[in-house]
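Chemist: generate a structure from the sequence data that follows.
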Amino acid sequence: LTLLFKDAIKPNLVQTLEGTPAFIHGGPFANIAHGCNSVMATKHALKLADIVVTEAGFGADLGAEKFFDIFAKKTGIFPSAVVLVATVRALKMHGGVAKDDLNHENISALSAGFANLKAHILNLKKFGVTPVVAVNRFSSDSQKELQLVIKLCAGLGVQAVVSEGWAKGGKGCVRLARAVVEKILLGDDKPHALYDDMLSIEDKLLRLAKDIYGAKRVTLTARAKCDLQKITDWGYGALPVCVAKTQNSISHDKKLLGAPSGYVFPITELRLSAGAGFVVAISGAMMTMPGLPKVPAAEKIDVDDSGNISGLF
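Modeler: Below is the predicted model:
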């Protein structure tokens, strides 16, 4: 392990296509871990730039919650502004549209699916922040659909900005960048964690389930109860909780789209990550090691006799 981590522990400095420096370090998926950049990389970046952008992966019910309740709480580094990324396509899917039909304009489905984005916005406000919504534009999005998202966000007191970074690079993100800088300079957010670590592990889980996931109560299997007792007896009851669950729904069930509420949130197992400093609570049958597809990309990667690489993209 020492051999492997001797160099890997150092943040990896890379750059974007437009020359912007970036540290790539850590970043485990938020559906199974804390889902954000390493403390070391973040602190380095803050010494080198006036504004640092970092990602808390997957939905705000996962990445953002863990950023506030684990990363920010432990480091004291709370964000000056929060950007919540959404797409018209995802909202239409939450409104009941099949994946093959997402290219077609559907205002009614978009209106229904907005319940999901609204839930994430209201959740973020529980952390003392009002986000800027970045609507990541796809070529199939109609102007009417984009305007509806902006209007619905405005109704919640939130600014939404269409972002075209994928198609236009930095030029497609100028309006979003300006909105974020304005939000930072406004300085009206009062960011804080959702819960006190001195709560019991069970109370932390209940707080997350009710306030973030929309559940009415939490159930623990016999195994989870045994795990809970051991972790508490070992003296780790004051660690924050890192919930491992599906990223496809605010709930534990990937089939519950939109903004599910009033259901039972199940915990099947608890695992102690003492070194990382949190307790992993597994909901449902989650695989906590990222898996490869049936045909991994490695099978298509090759180098010819002249050293030309193929199959990477």
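Chemist: and the helices in the stretch 51-200 of the chain?
Modeler: 65-66, 73-75, 88-94, 107-125, 143-154, 165-168, 174-186 (DSSP state H, counting those that start in this stretch).
Chemist: strands of this protein, start to end?
Modeler: 12-15, 21-24, 83-86, 132-136, 160-163, 217-220, 241-244, 264-267, 269-273, 278-282, 302-303, 309-310 (DSSP state E).
Chemist: mind listing residues that contact the second one?
Modeler: In other words, strand 21-24. Applying CB atoms under 8 Å, 6 or more residues apart in numbering, the external contacts of strand 21-24 come out as 11-16, 37, 41-42, 44-45, 48-49. For glycine as for every other residue, the C-beta is placed from the backbone atoms N, C-alpha and C.
Chemist: distance of residue 158 relative to residue 136?
Modeler: Distance of residue 158 to residue 136, given as CB to CB, to the nearest Å: 16 Å.
Chemist: what's the answer for residue 114, then?
Modeler: The value you get for residue 114 to residue 136, if CB to CB is used, is 15 Å.
Chemist: more crowded one of these two?
Modeler: residue 114 (25 against 17; other CB atoms under 10 Å).
Chemist: measure residue 2 to residue 40 for me?
Modeler: 17 Å.
Chemist: again, but for residue 249
Modeler: 33 Å.
Chemist: between these two, tell me which one has more neighbours.
Modeler: Applying other CB under 10 Å to residue 249 and residue 40 shows that residue 249 carries more neighbours, namely 20 against 14.
Chemist: for the helix or strand of the chain with the lowest mean pLDDT, buried residues please.
Modeler: Within the chain, no helix or strand scores below helix 2-8, which has a mean of 77 by mean pLDDT, DSSP states H and E. Using 16 or more other CB atoms under 10 Å as the test for burial, helix 2-8 gives no buried residues.
Chemist: buried only: go through the contacts of strand 21-24 for me.
Modeler: Looking at these with 16+ other CB under 10 Å, the buried ones turn out to be 11, 37, 41-42, 44-45.
Chemist: closest to residue 221 out of these?
Modeler: residue 37 (33.0 Å; CB to CB).
Chemist: my guess is that closest one meets residue 57, correct?
Modeler: No: Residue 37 lies out of contact with residue 57 (CB atoms under 8 Å); the separation is 9.6 Å.
Chemist: tell me, what's touching the two both at once?
Modeler: With CB under 8 Å, 6+ apart as the test, residue 37 and residue 57 both reach residue 27.
Chemist: how far away is residue 51 from residue 184?
Modeler: For residue 51 relative to residue 184 (CB to CB), the value is 7 Å.
Chemist: compare the two (neighbour count), which wins?
Modeler: residue 184 (15 against 12).
Chemist: how about the contacts made by the more buried one?
Modeler: 51, 80-81.
Chemist: same deal with residue 208?
Modeler: 65, 194-195, 241, 243.
Chemist: hmm, back to that, could you list the alpha-carbon positions for the least confident helix or strand of the chain in PDB?
Modeler: Taking Å, rounded to 0.1, in the frame of the first residue of the first chain, the C-alpha atoms of helix 2-8 are listed here in PDB:
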ATOM      1  CA  THR A   2       2.800   2.400   0.800                       C
ATOM      2  CA  LEU A   3       4.300   1.700  -2.600                       C
ATOM      3  CA  LEU A   4       1.000   2.300  -4.400                       C
ATOM      4  CA  PHE A   5       0.200   5.500  -2.500                       C
ATOM      5  CA  LYS A   6       3.700   7.000  -2.400                       C
ATOM      6  CA  ASP A   7       2.900   9.100  -5.500                       C
ATOM      7  CA  ALA A   8      -0.900   8.600  -5.800                       C
END
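Chemist: now do that helix: everything it contacts.
Modeler: Residues contacting helix 2-8 (CB under 8 Å, 6+ apart): none.
Chemist: so how far is that helix off the chain centroid?
Modeler: 28 Å (CA atoms, centre = their mean, to the nearest Å).
Chemist: then stretch 227-245?
Modeler: 22 Å.
Chemist: and the contacts of it?
Modeler: 31-34, 62, 66, 69-70, 73-74, 197-198, 200-202, 204-205, 208, 220, 251-252, 269-274, 277-284, 286, 288.
Chemist: try it again at 6 Å.
Modeler: Residues outside stretch 227-245 that contact it (CB atoms under 6 Å, 6 or more residues apart in numbering) are 32, 34, 69-70, 197-198, 201, 204-205, 252, 270, 272, 278-283, 286, 288.
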